[in-house]
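Chemist: this one's sequence-less:
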């Protein structure tokens, strides 16, 4: 596996824009004004590609319009004021969700993008044992966990190639599939870890719900699209799913890119030691991908 670079600015800017994007293109984005205070959690994500390569990257998970920490922010450091995490001694890969990044005097727009200014200051708070430790959303590694599958539908009814029933069957064996995520974790853990279909008694059916977003799919940056899916879920349910269920998986129609203008050949990625995994279309049907991504959620 490729090891992550430790420069905070690069790691965070790759999430909403391709690493090949020109700096001048980034600087031309319209900014809405100075924000005195910005905070986000530093989360590690693992991504798998069709060329069998994998990468680890840090993301900055900040507040959405409802005040919940579940939006991916791109941080652009044109002023070179942010730290080198390696030199500062922060190991995000093995401590996903442990640290909170606090910035002052930054510029924010609606992408969402944060840009530093010459007056920007930074602080990284270690949440280990602190009052905010519960926000790390410790994932259960034993017992019964619930998993909600989000089948995303875009503009012009562009949707994943597999139906909601097929996805439920692949993850939970609801229609008799003998090889499914639920069975595999049950067997491998000797019955100590069970994944049940999430159920809210209204929207979810056999652990799956369809969410429509008013966005094109082909050529869309997957991280930007994921933010919009997250908000669409809140609009439909009235709450964010991670507050009710242990794990959430987005299944996205084919054609998205990994980063703005980036490659389309990503298969899946997952938040390490956190609740979310994201699958590129039919990759959600493969048991090996399911087990692998949920394993990252579990910190494996």
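Modeler: On my side now, so go ahead. Given the structure is predicted, the values throughout are model-derived calculations rather than measurements.

Chemist: for stretch 286-299, which positions count as buried?
Modeler: Buried residues in stretch 286-299, counted by 16 or more other Cβ atoms under 10 Å: 289-290, 292-298. For the C-beta atoms, the positions are set from N, CA and C on the backbone; glycine is no exception.

Chemist: How about stretch 148-165?
Modeler: Neighbour count says stretch 148-165 has 148-154, 158-160, 162, 164 buried, by 16+ other Cβ under 10 Å.

Chemist: Stretch 71-86 too?
Modeler: In stretch 71-86, counting by 16+ other Cβ under 10 Å, buried: 71-77, 81-83, 85.

Chemist: Need these in TSV (columns: distance to residue 117).
Modeler: TSV is the format used below for the buried residues of stretch 71-86 (distance: Cβ to Cβ, whole Å):
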residue	distance to residue 117
71	21
72	21
73	16
74	16
75	12
76	11
77	10
81	8
82	12
83	16
85	21
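
Chemist: Which residues does the lengthiest helix in the chain contact?
Modeler: Counting by DSSP state H, the longest helix found in the chain is helix 222-237. Helix 222-237 is touched from outside by 15-16, 59, 64-66, 68, 70-72, 111-112, 150, 152, 200, 203, 209, 211-213, 215, 217, 240-241, 250, 252, 256-260, 266, 278, 280, with contacts defined as Cβ atoms under 8 Å, 6 or more residues apart in numbering.

Chemist: Check those for burial and list the buried ones.
Modeler: 15-16, 59, 64, 68, 70-72, 111-112, 150, 152, 203, 209, 211, 213, 217, 240-241, 250, 252, 256-260, 266, 278, 280.

Chemist: Please tell me I have it right and residue 38 contacts residue 100.
Modeler: No. Checked against Cβ atoms under 8 Å, the pair residue 38 and residue 100 is beyond contact range at 10.9 Å.

Chemist: can you map out the strands along the stretch 151-300 of the chain?
Modeler: Using DSSP state E, counting those that start in this stretch, the strands found in the stretch 151-300 of the chain span residues 193-197, 208-212, 247-252, 266-271, 276-280.

Chemist: would you turn those strands into a markdown table with distance to residue 104?
Modeler: What follows is the strands of the stretch 151-300 of the chain, written out as a markdown table (distance: least, Cβ to Cβ, whole Å):
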| stretch | distance to residue 104 |
| --- | --- |
| strand 193-197 | 42 |
| strand 208-212 | 35 |
| strand 247-252 | 32 |
| strand 266-271 | 26 |
| strand 276-280 | 28 |
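
Chemist: Now tabulate the ones you listed in TSV and tack on distance to residue 223 and mean pLDDT.
Modeler: Converted to TSV, these look like this (distance: least, Cβ to Cβ, whole Å; pLDDT from 0 to 100):
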stretch	distance to residue 223	mean pLDDT
strand 193-197	25	97
strand 208-212	17	98
strand 247-252	11	98
strand 266-271	9	97
strand 276-280	9	97
